[in-house]
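Trainee: need a structure here:
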Amino acid sequence: MRLLKILCPLVLSILLIAGSAFAAPKICFISIQQIIDESRAGKDAQAEMQKLRNEHQKILKQREDELNKLNEELKNPGSADQKIKKLQQDYQKKLREYNDLIARLQKEARQKDMELTERIAFKVRELAGKMAKDKGIDYVFERVGSSIIVFPPESDITKEVIKGYDDEYSGKK
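Mentor: Numbering: from 1, shown residues only. So this is what the prediction gives:
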């Protein structure tokens, strides 16, 4: 009985200490897309992409006008057969060049978008890691890519990351 009186408090103490040592990890979430949409850096990147798209549209419009002009000349019934043949060849050549240009501009836009997104995502990962360390957060997940559907709103640190990113981004501008 005396052994039981000594062992019970000892076992209980060990269990309490072990239980607190194995506390549940602190988990938070962020939305990189929301950060891109709402942060200054994200808005600047979106403006840069829009400027690139506008430049591409201007170039494509110019080529489309050239193609339309050639197409109208082809429709002119007063042209000689040899002239029509030359116009058809010119039209086909310019059409191929136009299609190649579209593919090249689309590739350029995708690469630029990936570059800007990755630059932001890299900085977000860096800031989220620092914030996790400062706040004792064990895991930070991307909200969109995770399989978790429901989580407490207070575990979403996106707004805090945006604020930290904006503060740092403003200082670098």
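
Trainee: in this protein, which spans are helices?
Mentor: Here the chain has its helices, by DSSP state H, at 2-21, 32-38, 40-75, 81-135, 158-172.

Trainee: Mind telling me which of these the model trusts least?
Mentor: When the helices of the chain are ranked by mean pLDDT, helix 2-21 comes last with a mean of 48.

Trainee: And the contacts of stretch 68-86?
Mentor: The contact list for stretch 68-86 (C-beta atoms under 8 Å, 6 or more residues apart in numbering) reads 87-88, 90-91, 94. Yep, even glycine has a C-beta here, placed from its N, CA and C like the rest.

Trainee: what's the span of it from first residue to last?
Mentor: One end of stretch 68-86 sits 16 Å from the other (C-alpha to C-alpha, to the nearest Å).

Trainee: buried set for it?
Mentor: Residues residue 70 are the ones in stretch 68-86 that count as buried (16 or more other C-beta atoms under 10 Å).

Trainee: Next one: the residue nearest the centre of the chain relative to residue 99, how far apart?
Mentor: Central residue of the chain (C-alpha atoms, centre = their mean): residue 117, 4.2 Å from the mean position. Counting by C-beta to C-beta, to the nearest Å, the gap from residue 117 to residue 99 is 27 Å.
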